[in-house]
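Student: Here you go, sequence then predicted model.
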Amino acid sequence: MKNILSCLLCIVVLLFSCKDDNQKRIAENKKEAARQEIIFSEIKKGWVFYDTPINETAEGTVKTWNEFRLFLAELAKKPKGTMEGYQQKSAAISKVALDLNKNIPLAFDKPQIKSRIAVVITKVSMMDLYIHLDNIPSKKVVVLISEINRELATLQREMDKTVEKSKIPQEQGEADLKKMLDQSRAIPNTNPEVITIE
């Protein structure tokens, strides 16, 4: 009889302790859901990309540089209304950003442009990394989105500057001077040609 009473007492204690654990888990799940909802709303509010060219040079480049056009088009597409949708969109933007290094038009195949492209790719990759963490730092993601916009504008301004510089006509003898400067380098840029000064 004592064994039966002690078993019943143990069962009652276990049931009450399980009930307390379930209530704690439910409360923790509600807290986590509320936190995730706050993170989602912050990212949704800050998910604004400048997906249109800011100058005529960029507009013309979009027509001829397929990778740049695809990158801007991917920025323009809105993600699905879930956190997973934003994560998938971030991964897609990151993948398209990596392709910016491919097939750069000859006019823009310069170190200044390549460095700007590298910065854009780095910022996009960082955003993709942060948005896929278990504990998403939403403020960092939103800051990175604004930095991506700023770096994209800087890239387009640099492209415009490069086009404007190419329109400036060379003065007489400037090409010869550049060749002479190149010959005086330890490692010339191109095959040196002998220049005679008259």
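Tutor: Yep, it's here. Numbers count the residues shown, from 1 in each chain.
Student: Give the buried residues for stretch 111-124.
Tutor: Residues of stretch 111-124 classed as buried by neighbour count (16 or more other Cβ atoms under 10 Å): Ile113, Arg116, Ile117, Val119, Val120, Ile121, Lys123, Val124. C-beta: built from backbone N, CA, C; applies to glycine.
Student: For the residues you listed, give me JSON lines that also has pLDDT, secondary structure and distance to Ala175.
Tutor: Converted to JSON lines, the buried residues of stretch 111-124 look like this (pLDDT from 0 to 100; DSSP: H, G, I helix; E, B strand; the rest coil; distance: Cβ to Cβ, whole Å):
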{"residue": "Ile113", "pLDDT": "90", "secondary structure": "helix", "distance to Ala175": "22"}
{"residue": "Arg116", "pLDDT": "93", "secondary structure": "helix", "distance to Ala175": "27"}
{"residue": "Ile117", "pLDDT": "93", "secondary structure": "helix", "distance to Ala175": "28"}
{"residue": "Val119", "pLDDT": "94", "secondary structure": "helix", "distance to Ala175": "32"}
{"residue": "Val120", "pLDDT": "94", "secondary structure": "helix", "distance to Ala175": "33"}
{"residue": "Ile121", "pLDDT": "94", "secondary structure": "helix", "distance to Ala175": "34"}
{"residue": "Lys123", "pLDDT": "95", "secondary structure": "helix", "distance to Ala175": "38"}
{"residue": "Val124", "pLDDT": "94", "secondary structure": "helix", "distance to Ala175": "39"}
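Student: With distance to Leu155 added, can I get the residues you listed in TSV?
Tutor: Compiled in TSV, the buried residues of stretch 111-124 are given as follows (distance: Cβ to Cβ, whole Å):
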residue	distance to Leu155
Ile113	7
Arg116	4
Ile117	6
Val119	8
Val120	6
Ile121	11
Lys123	11
Val124	12
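Student: And the helix or strand of the chain with the lowest mean pLDDT, how far out from the chain middle?
Tutor: When each helix and strand of the chain is scored by mean pLDDT, DSSP states H and E, helix 174-183 comes last, with a mean of 72. Centroid separation between helix 174-183 and its chain, computed with Cα atoms, centre = their mean, to the nearest Å, is 40 Å.
Student: Tell me if I'm right that Asn66 and Asn103 touch.
Tutor: Yes. Using Cβ atoms under 8 Å, Asn66 is in contact with Asn103, at 6.9 Å.
Student: residues shared between the contacts of these two?
Tutor: Between them, Asn66 and Asn103 share no contacting residue under Cβ atoms under 8 Å, 6 or more residues apart in numbering.
Student: Could I get the contacting residues of Phe68?
Tutor: Counted by Cβ under 8 Å, 6+ apart, Phe68 has contacts Thr61, Val62, Leu100.
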